[in-house]
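Asks: My questions are about this predicted structure, shown below with the sequence.
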Amino acid sequence: MILLFVVFLIAVRYNGVAPQSVRLDKGWTVTYKGEKTGVESLVNYTFPEKLMSGDSLILEGRISANPLSHPIFRFRTVHSAVEVFENGKSVYEYGKDRMFPGCGYHYVHLNHGEHQSLKVVLVEKIDNRKITFSKYELLPEEYAVSDYSSRHIFALVIGIFLILFGLLAVMVGAVMRIYGVNYFRLLMIGLLSFTFGTWTMCYTKLIQVVSYNLTFNTTLEYICLYFAPIPFTLLLWNMQKTRLSQAKTWVMKFLLVYEVAYLVISSVLHFTGLLFYPQMLVFFHAVVFAGLVYFVYSGILYNKKMDESGKLLSRGVLFFVVMVVADLLRFNFARYLAVDNPLLESSWIPLGTLGFVFSLVQSYVVYLVYILEDRAEKGALATMAYLDALTGLYNRAKCQQIFDILDKSFGDYAFVSIDMNGLKAVNDKYGHNEGDKLIKVFAGLFNEAFAGVGTAIRVGGDEFLAIVRSEHVADVNDAVKKMTDLQKERSEGLPISLEVAYGVAYKHEFLKNGFSMAEETHIDAEKVYHLSDERMYAMKAKMKSKLARF
């Protein structure tokens, strides 16, 4: 299935990419403050001076050959307002009235023809920044939208997947919280996935498929970037909180407060126009780098004693860092060596984010398995605490627990007290092994007789008790008859025939005249049990069993 999906994406890419395009990288003149400079190729060109807000760069060139009938001029700007002139006439304008125009791709309709003049006027909106140019090219009109998204189809799929997975994880985490399940890790993973997915769409400019507002797109990109360390730190803290010393806990708290404060302060500065998000990026990188170094050095992110869940998280972080470094190398290799290759055209960071989130999911699955195994083990131990070791029936502790529940209920119930005859004689003559065998055989048939009717309990020694709830009170006599019939069938091979005395008592026997179950006064289960016990001993006294005189 994965292979078929990859083949499908390759097919989409192949059919969506423009079959014909015209590169406009060469033959441009750059004018800055009245001085003109010829540029051999825009792809390798970074303007040597840092521009201040309000400074203009004018690029002028000519289209020497244009085989396209309805050409679209595509180019990318970074935090600059732009105006495009064709043969001296303004045909496109963006961002002049915006403090922060953002960055992204522009698509300008041009007329068909050769030897057309083009002029691109860039007005810088951020102080102290160098301008680097991207590819300038003409595309067929019908491929204007599909070409870029098809070239970056894998990043598009990864971004959408991370967003949808993040939303699903957050919703599932919220539902799990309602049912009291440990949801925090899943919630943090969901937030990280959604944040990275949105950032991937913005960073690769694929969000322009749905939004052409470059200001909004770029602002959202930086908000996601500055927000991401918060759920990551909370996730690490949650995973390691039982192992952290007091000093490390305080450092984690400081980092968390700093990250929240950085997001809030940078947002206030950005939206007031005092300082824009990109101008604060270097401080963000420094803090993230320092945080990662601390996490590794302190053993919070990785140490040899970590469980598998923590190690998976560490591998995910390492993979993401490696992909970021590799992407920087890819970018500079393609840029400075002018290598035009599909593998070098798209950013590798989306793949790193996918691997990181995938490792988070693996880490959470391992954590869940551990939690479920731990609960199952505790459940098994709790069950064993209520089971009789010899017979496998419930024991006196379980009996008392059921008594407590019955004391709080209003429904009718019945007790069947049972005492085996002849057990002491068998123990004395044949030994305790034979006596235990007798107990186990009776316990089996006793449990079988009351299956689906009541709860079979070994109170201790040769004493047993069946507790029958209100919905099966009418079936008590049938269950007792089945028990006596099974005694005759199962006695073969035993030192003596199975024989028991029993007594039956009902809760409703204690109700006063005129009281219904809903109106009853409090009746202890112990009272009903004692009545059934008295009737059992009365039956035992009347029995003229040969076994009793054995």
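Replies: It's in.

Asks: Domain boundaries for the protein, per the record?
Replies: Per automatic domain parsing, the domain ranges recorded for the chain read 2-150, 152-382, 396-549.

Asks: In CSV: those domains, plus mean pLDDT.
Replies: Shown next, in CSV, are the domains of the chain (pLDDT from 0 to 100):
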stretch, mean pLDDT
domain 2-150, 85
domain 152-382, 82
domain 396-549, 85
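
Asks: Tell me which helix or strand comes right after the one helix or strand Asn447 maps to.
Replies: Assigned by DSSP states H and E, Asn447 belongs to helix 432-449. As assigned by DSSP H and E, the chain's next helix or strand after helix 432-449 is strand 454-460.

Asks: can you list contacts of that next one?
Replies: 388, 390-391, 393-396, 398-399, 402, 414, 416, 439, 443, 446-447, 450, 464-469, 472, 476, 479 (CB atoms under 8 Å, 6 or more residues apart in numbering). Heads up, the C-betas are built off the backbone N, CA and C, glycines and all.

Asks: Dump that strand to CSV, keeping only the CA atoms.
Replies: Output of strand 454-460 as CSV, limited to C-alpha atoms (Å, rounded to 0.1, in the frame of the first residue of the first chain):
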residue,chain,number,x,y,z
GLY,A,454,-25.1,-16.6,41.7
THR,A,455,-21.5,-16.1,43.0
ALA,A,456,-19.8,-19.3,44.3
ILE,A,457,-17.6,-18.6,47.4
ARG,A,458,-15.4,-20.8,49.6
VAL,A,459,-15.7,-19.2,53.0
GLY,A,460,-13.1,-21.5,54.5
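
Asks: Tell me which strands the following helix or strand past that strand pairs with, and in which orientation.
Replies: Of the helices and strands lying after strand 454-460 in sequence (DSSP H and E), the nearest is strand 463-469. Listed by DSSP bridges, the sheet partners of strand 463-469 and their directions read strand 413-420 (antiparallel), strand 454-460 (antiparallel).

Asks: between those, which one is nearest to Gly88?
Replies: Taking CB to CB, strand 454-460 is the member of the strands paired with strand 463-469 nearest to Gly88, at 95.6 Å.

Asks: Tell me what angle that closest one forms with helix 432-449.
Replies: Put simply, strand 454-460 runs at 160 degrees to helix 432-449, going by axes from the mean of the first three to the mean of the last three CA atoms, to 10 degrees.

Asks: before we move on, the earlier item: pull out the buried residues from the contacts of strand 454-460.
Replies: 388, 391, 393-395, 398-399, 402, 414, 416, 439, 443, 446-447, 450, 464-469, 472, 476, 479 (16 or more other CB atoms under 10 Å).

Asks: any idea how far Lys482 is from Ala538?
Replies: Counting by CB to CB, to the nearest Å, the gap from Lys482 to Ala538 is 22 Å.

Asks: oh sorry, the question was meant for Lys488
Replies: In terms of CB to CB, Lys488 sits 23 Å off from Ala538.

Asks: With adjacent residues omitted, what lies nearest to Gly38?
Replies: Among residues not flanking Gly38 along the chain, Thr29 sits closest, at 5.7 Å (CB to CB, 6 or more residues apart in numbering).

Asks: helix or strand right after the host helix or strand of that neighbour?
Replies: Using DSSP H and E, Thr29 falls within strand 26-32. With elements assigned by DSSP H and E, the helix or strand that comes after strand 26-32 is strand 35-41.

Asks: Now that next one: buried residues?
Replies: Within strand 35-41, the residues that count as buried by 16+ other CB under 10 Å are Val39.

Asks: Contacts for it next, please.
Replies: With contact meaning CB under 8 Å, 6+ apart, strand 35-41 is reached by Asp25, Lys26, Trp28, Thr29, Val30, Thr31, Tyr45, Ala338.

Asks: Kindly recompute the last result at 10 Å.
Replies: Outside strand 35-41, the residues that touch it by CB atoms under 10 Å, 6 or more residues apart in numbering are 23, 25-31, 45, 47-48, 58-61, 133, 338.

Asks: Now list the buried members of those.
Replies: Neighbour counting over the contacts of strand 35-41 (16+ other CB under 10 Å) leaves Asp25, Trp28, Val30, Tyr45, Phe47, Ile58, Leu59, Glu60, Gly61, Phe133 as the buried ones.

Asks: Excluding sequence neighbours, find me the nearest residue to the second one.
Replies: Right, the one you point to is Trp28. Counting by CB to CB, 6+ apart, the residue nearest Trp28 is Gly61, at 4.3 Å.

Asks: you'd agree that neighbour is up against Phe73?
Replies: No: taking CB atoms under 10 Å as the definition, Gly61 is not a contact partner of Phe73, at 11.1 Å.

Asks: now the strands: where do they sit in the protein?
Replies: All strands of the chain, identified by DSSP state E, fall at 22-23, 26-32, 35-41, 56-63, 71-78, 80-86, 89-94, 103-109, 116-124, 137-140, 413-420, 454-460, 463-469, 500-506.

Asks: And the last one, what does it pack against?
Replies: Under the contact definition 3 or more CB pairs under 10 Å, 6 or more residues apart in numbering; DSSP states H and E, strand 500-506 sits against strand 413-420, strand 463-469, helix 476-490, helix 525-542.

Asks: Mind putting these into CSV with distance to Ala286?
Replies: Putting the helices and strands packed on strand 500-506 into CSV (distance: least, CB to CB, whole Å) gives the following:
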stretch, distance to Ala286
strand 413-420, 71
strand 463-469, 68
helix 476-490, 77
helix 525-542, 69
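
Asks: what's the most buried one of these?
Replies: strand 413-420 (a mean of 24; mean count of other CB atoms under 10 Å).

Asks: which residues does Thr455 bridge with?
Replies: Ile467.

Asks: burial measure for it, as a count.
Replies: Neighbours of Thr455 under the rule other CB atoms under 10 Å: 16.

Asks: residue closest to the middle of this structure?
Replies: Compute the mean C-alpha point of the chain, and by CA atoms, centre = their mean the closest residue is Leu186, 3.5 Å away.

Asks: Not counting its neighbours along the chain, what's nearest Phe196?
Replies: Excluding its sequence neighbours, the residue lying closest to Phe196 (CB to CB, 6+ apart) is Thr353, at 4.3 Å.

Asks: The one you found: what's it in contact with?
Replies: 155, 158-159, 162, 192-193, 195-197, 199-200, 203, 228, 316, 319-320, 323-324.

Asks: of those residues, buried ones?
Replies: Buried members of those, counted by 16+ other CB under 10 Å: 155, 158-159, 162, 192-193, 195-197, 199-200, 203, 228, 316, 319-320, 323.

Asks: Okay, and which of the residues you listed map to helices?
Replies: Among these, the members found in helices (DSSP state H) are 155, 158-159, 162, 192-193, 195-197, 199-200, 203, 316, 319-320, 323.

Asks: what's the closest of those to Asp127?
Replies: Set against Asp127, the nearest of those by CB to CB is Tyr203 (23.1 Å).

Asks: hang on, that closest one packs against Glu221?
Replies: Yes: the pair Tyr203 / Glu221 is scored as a contact, 5.7 Å apart, by CB under 10 Å.

Asks: was I right about Leu162 contacting Ala228?
Replies: No: Leu162 lies out of contact with Ala228 (CB under 10 Å); the separation is 11.9 Å.

Asks: Show me the common contact partners of those two, please.
Replies: Common neighbours of Leu162 and Ala228 (CB under 10 Å, 6+ apart) are Leu192, Thr195, Phe196, Thr198, Trp199, Thr353.

Asks: Can you tell me the closest non-neighbouring residue to the fifth one?
Replies: Beyond its immediate neighbours in the sequence, the residue positioned closest to Trp199 (CB to CB, 6+ apart) is Cys224, lying 3.9 Å away.

Asks: From Gly16, how far out is Leu68?
Replies: 17 Å.

Asks: and those two? which has more neighbours close in?
Replies: Leu68 (19 against 16).

Asks: List the contacts of that one.
Replies: In this structure, Leu68 makes contact with Ala18, Gln20, Ser21, Val22, Leu110, His112, Leu138, Leu139, Pro140, Glu141, Tyr143, judged by CB under 10 Å, 6+ apart.
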